[in-house]
Every structure is written in structure tokens, then in C-alpha cells.
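Asker: How does the following fold in three dimensions:
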Amino acid sequence: MPAFAPIFDRSSTRKQASLTIKRARRFSVQVALRYRVRTEKRWRSGVTKNIGMSGILFLAEQVEEPSTHIEMRLALPMELSGESGAELICRGRVVRVVQLNNGESLPALASTISHYRFVRP
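Answerer: Okay, the predicted model is just below:
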């Protein structure tokens, strides 16, 4: 499935077309996760805010710089995995640090998901 779909803007000239990038569907899921910088041994704790096919937004113990490669482990709820107790192990890269406007004191990290696997009980 393509990451984008052409959308024709009929409000402007007939021959002008605009291209709109479709964002992957996000699931608002709050589950505990563990993450670490891939070059470190120490795991840190976090909590997901939302998860999509291409990335995760989560509250983190500390700020990591964009482009930092990380590993993440989280137990997925049955609605997402289809099985109780399934754990997602994935690798990704921090793409941005987000300051949430809901009074959270912890930083939120947005990370890609580049590789993943499920571990079933």
C-alpha cells in the first residue's frame, strides 16, 4: 500500500494537483514500555501515548536527541496483538522530542519503528 495518495484540488486551476501524504492510523494506547539507547545496557521506563504502524509516541525518563537509535519493549493489549501477553520488541530512531500540552512533566519522544518482532507467551 502506498504511503501517499494523490488528491486533486478542484478549487484551484483545473490542471493543478496537490499531493497529500496520508499519515498512518494511530491507536491511542497507554501501556508501560522499556526503552534504551542501542549502544547502552541500561533500560529506562516509559508509557506509550499512541502507536501506529510506523512509530510510537511515548513519555520517557529523559530526553534523547533526534536521530538516536533506540530499542523498545512493550506488552501489547489484546486489541492490537490478537493475543493476551504478546510482547512487541522493536528498534527505531528518535525523530523528535514533543512537549505535551496536558501538564505532563515527562518529555515525550516520537520514534520510528524500523524493525519489530512479536514474542508470544
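
Asker: How about the backbone phi and psi for the residue lying closest to residue 55 once chain neighbours are set aside?
Answerer: The shortest distance from residue 55 to any non-neighbouring residue, by Cβ to Cβ, 6 or more residues apart in numbering, is to residue 112 (5.0 Å). Where C-beta positions appear, they are placed from N, C-alpha and C, glycine not excepted. When read as degrees, to the nearest 10, the backbone of residue 112 gives phi -70, psi 170.

Asker: Just give the number of residues close to residue 112.
Answerer: For residue 112, the neighbour count with other Cβ atoms under 10 Å is 15.

Asker: Nearest to the middle of this protein, which residue? Look it up for me.
Answerer: residue 56 (1.4 Å; Cα atoms, centre = their mean).

Asker: pLDDT weak spots in the protein?
Answerer: 1-24, 77-84, 102-104, 121 (pLDDT under 70).

Asker: all strands in it, in order from the N-terminus.
Answerer: 4-7, 18-21, 26-27, 32-37, 44-52, 55-60, 69-75, 87-98, 108-112, 115-119 (DSSP state E).

Asker: Give me the sheet partners of the shortest one and which way each runs.
Answerer: Which is strand 26-27. Applying DSSP bridges, strand 26-27 is found paired with strand 44-52 (antiparallel).

Asker: returning to what we had before: please name the residues that touch the residue nearest to the residue nearest to the centre of the chain when sequence neighbours are not counted.
Answerer: Closest residue in space to residue 56, ignoring its immediate chain neighbours: residue 111 at 5.3 Å, by Cβ to Cβ, 6+ apart. Neighbouring residues of residue 111 by Cβ atoms under 8 Å, 6 or more residues apart in numbering: 55, 56, 57, 58, 70, 72, 92, 93, 94, 95.

Asker: Tell me the spacing between the residue nearest to residue 120 when sequence neighbours are not counted and residue 67.
Answerer: Distance criterion Cβ to Cβ, 6+ apart; nearest residue to residue 120, sequence neighbours excluded, is residue 86 at 5.4 Å. Distance of residue 86 to residue 67, given as Cβ to Cβ, to the nearest Å: 29 Å.

Asker: Thanks a lot, see you next time.
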